[in-house]
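> A structural model of the following input is requested.
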Amino acid sequence: FKEELGGQADSKSSTEFGIVQDADRLDAIGAIGIARCFTFGGNRNSVLHDPSIQPRTDMSKEQYMKKNNQTTLNHFHEKLLKLKDLMKTKAGQMRAERRHKFMEDFLKEFYEEWNGRA
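So this is what the prediction gives:
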């Protein structure tokens, strides 16, 4: 992911590499991905959510690597929700659709509860 942000992705990589990369990305999204994200954020003592800290957009590789003052929820917007569109294989794209939707539904519910509307 960070290589693609930095414009260093090799578009001519092998089919096998695409399969492995898709599998890794599929592990990062959906229900398991949500669990992994919160486990990682908790391990790093990251703030769960702070509405005053907006997700970073249009990041370079260097900006992505700087994790200062970021929240666990922002990681969804900064990376995880982008992975669906980076899938290399048709099978990866199909599986990513469902997992991506699950993350969107989760975030919608999270924000509704956070804001006292659920």
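> helix or strand with the lowest mean pLDDT in this protein?
Here the helix or strand of the chain ranked lowest by mean pLDDT, DSSP states H and E is helix 2-5, holding a mean of 54.
> the next helix-or-strand element following that helix: how far from the chain's middle?
Moving toward the C-terminus from helix 2-5, the next helix or strand (DSSP states H and E) is helix 15-28. Here helix 15-28 is found 14 Å from its chain centre; the criterion is CA atoms, centre = their mean, to the nearest Å.
> in helix 15-28, what counts as buried?
For helix 15-28, the neighbour count (16 or more other CB atoms under 10 Å) marks 21-22, 25-26, 28 as buried. In short, each C-beta sits where N, CA and C put it, glycine included.
> what sits up against that helix?
Contacts to helix 15-28, defined as CB atoms under 8 Å, 6 or more residues apart in numbering, come from residues 1, 13, 33, 36, 79-80, 83, 86-89, 91-92, 95-96, 99.
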